[in-house]
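S.K.: Need a 3D model of the following:
(one chain, ligands or ions: 1)
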Amino acid sequence: MTDPSAVFSATPSVETLLTHEGRSPDDQFGFVNTPVYRGSTVLFKTLDDIETQQQRYLYGRAGNPTTESVETVVNALEGGFKTKLVPSGLAAITIALLACLKTGDEVLISDSAYEPGRVFADGFLTQMGISARYYDPRIGAGIAELMQPNTKAVLAESPGSLTFEIQDIPAIAAAAHTHGARLIVDNSWASPLYHQPLKLGADIVVHAGTKMFVGHSDALAGTITTTEEAWADVARVRALLGFFTSGDDAYLVGRGLKTLAIRMAAHQQRALEIATWLEQQSEVVEVIHPALPSHPDHALWKRDFTGSGSLFAFVLAPAPRASVAAFVDNMRLFSMGYSWGGYESLCLPVKPGKARTITPWTHEGNLFRVHIGLEGVDDLKRDLAEGFARYAQAR
Ligand SMILES: *Cc1c(COP(=O)(O)O)cnc(C)c1O
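M.R.: As a prediction, the model looks like this:
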């Protein structure tokens with residue numbers, strides 16, 4: 001394993017970690033990349049070997065060199081104790097929750113959290129006798145007042161990936177720990193390049209690796225990174241449930257990670273340029289991007305983040321459904337689709353009100369979530385400007 005800290009005297013930069021960590025050419029006949037390992041059966045040579053179980057690999061489900069190379073990189077980026085690669089971002093969330101909760105416990109979930117995670121809590125955890133309550137993503141230290149003796153986990157997503165509230169992770173972590181609960185943070189938006197929740201007190205960080213890590217819309221994956229204290233529970237639940245990520249998918253995550261730093265920088269810069277431009281367009285009543293000074297949580301973003309992602313939202317002046325259809329049905333470059341993080345730009349009309357229970361969405365007008373891809377910025381602006389003209393005309 002190339003150890004950058006052995007090569008460079010100072011702490012290696014993120015770019016160096018991304019390009020050198022997790023590789024082991026000496027184990028691969030000199031080939032630069034760890035190849036795709038496919039395999040269930042791992043062979044033992046002797047009775048001694050099978051009885052002592054001391055080999056590095058025992059059975060495919062636990063992982064292989066391809067999955068481990070990805071785990072090493074993500075773990076170094078997040079500053080975790082250990083990291084596990086899992087089949088999807090949703091699997092990362094469900095494993096993390098099950099690792100912290102048992103029958104009789106309660107979980108507090110941000111009202112801005114990724115909807116399928118809420119559905120899991122409401123529909124599955126509840127069946128197990130675990131209750132889920134929702135909190136205002138802007139609650140900060142006030143979450144202490146919601147904590148009960150049976151509250152064992154808090155699930156945060158900062159910023160929320162539809163509505164972009166930034167959460168006060170240090171304050172929420174402190175309150176959770178005072179009351180004996182663990183804090184899980186979904187860090188998909190910023191990636192560990194721009195936000196490191198473990199350093200701010202979180203216990204578990206999850207990623208939809210599907211998004212920025214893979215970066216090309218061609219694979220699903222998730223990661224779970226934990227502190228030393230939380231690791232055993234996560235590792236146990238992951239193993240008990242039998243989750244495994246194939247070497248093929250792991251390879252695509254590892255390949256994406258090599259260019260994560262330059263992709264994040266490009267997405268950030270393009271998204272900010274378009275967000276700033278959107279603020280000047282007459283049909284746009286609000287741009288919701290934490291890195292803009294107009295965002296209500298901008299100060300918190302500045303305190304805890306070192307950059308911003310590709311994803312943000314904007315609100316267009318109130319207009320009927322026909323306007324929304326005229327806008328999104330005729331785009332040339334922006335497409336509609338779930339997910340984000342790829343090279344291609346996406347624009348999705350969203351109704352966040354449906355998925356919220358305690359902080360109603362009161363903004364008037366139509367909300368759109370955009371992922372800014374790697375097309376030419378001027379081409380993207382033209383696509384949006386033409387769309388705004390159709391939107392206004394159909395009103
Ligand atoms: C997409 C997404 C997930 C789920 O990831 P999948 O790989 O699609 O399961 C979780 N959290 C956030 C913020 C996401 O955007």
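
S.K.: can you give me the helices in this structure?
M.R.: 4-7, 14-20, 47-52, 65-78, 89-100, 115-120, 169-178, 191-194, 228-241, 247-258, 260-278, 298-304, 321-328, 377-393 (DSSP state H).

S.K.: Can you say which of those helices is nearest to residue 366?
M.R.: Among the helices of the chain, helix 321-328 comes nearest to residue 366, with 5.4 Å by C-beta to C-beta. C-beta here means a position set from N, CA and C on the backbone, and glycine is covered the same way.

S.K.: Residues contacting the closest one, please?
M.R.: Helix 321-328 is contacted from outside by 316, 334, 336, 347, 349, 366, 368, 387-388, 390-395, using C-beta atoms under 8 Å, 6 or more residues apart in numbering.

S.K.: Any of these buried? List them.
M.R.: Among these, those buried by neighbour count (16 or more other C-beta atoms under 10 Å) are 316, 334, 347, 366, 368, 387, 388, 390, 391, 392.

S.K.: Closest to residue 83 out of those?
M.R.: residue 347 (32.4 Å).

S.K.: Next one: the closest one from residue 373, what distance?
M.R.: Separation of residue 347 from residue 373 (C-beta to C-beta, to the nearest Å): 11 Å.

S.K.: repeat for residue 360
M.R.: 32 Å.

S.K.: more neighbours, the two?
M.R.: residue 373 (23 against 9; other C-beta atoms under 10 Å).

S.K.: which residue sits closest to whatever residue of the chain ends up closest to the ligand, ignoring its sequence neighbours?
M.R.: Closest to the ligand within the chain is residue 89: 2.2 Å, counting by C-beta to the nearest ligand atom. Nearest residue to residue 89 in three dimensions, chain neighbours excluded: residue 208, at 2.7 Å (C-beta to C-beta, 6 or more residues apart in numbering).

S.K.: Ok, residue 83 next?
M.R.: Nearest to residue 83 is residue 75, by C-beta to C-beta, 6+ apart, at 3.8 Å.

S.K.: now do residue 141
M.R.: Per C-beta to C-beta, 6+ apart, closest to residue 141 is residue 171, 4.1 Å.

S.K.: Likewise for residue 222?
M.R.: Residue 222 sits nearest to residue 92 (C-beta to C-beta, 6+ apart), 3.3 Å away.
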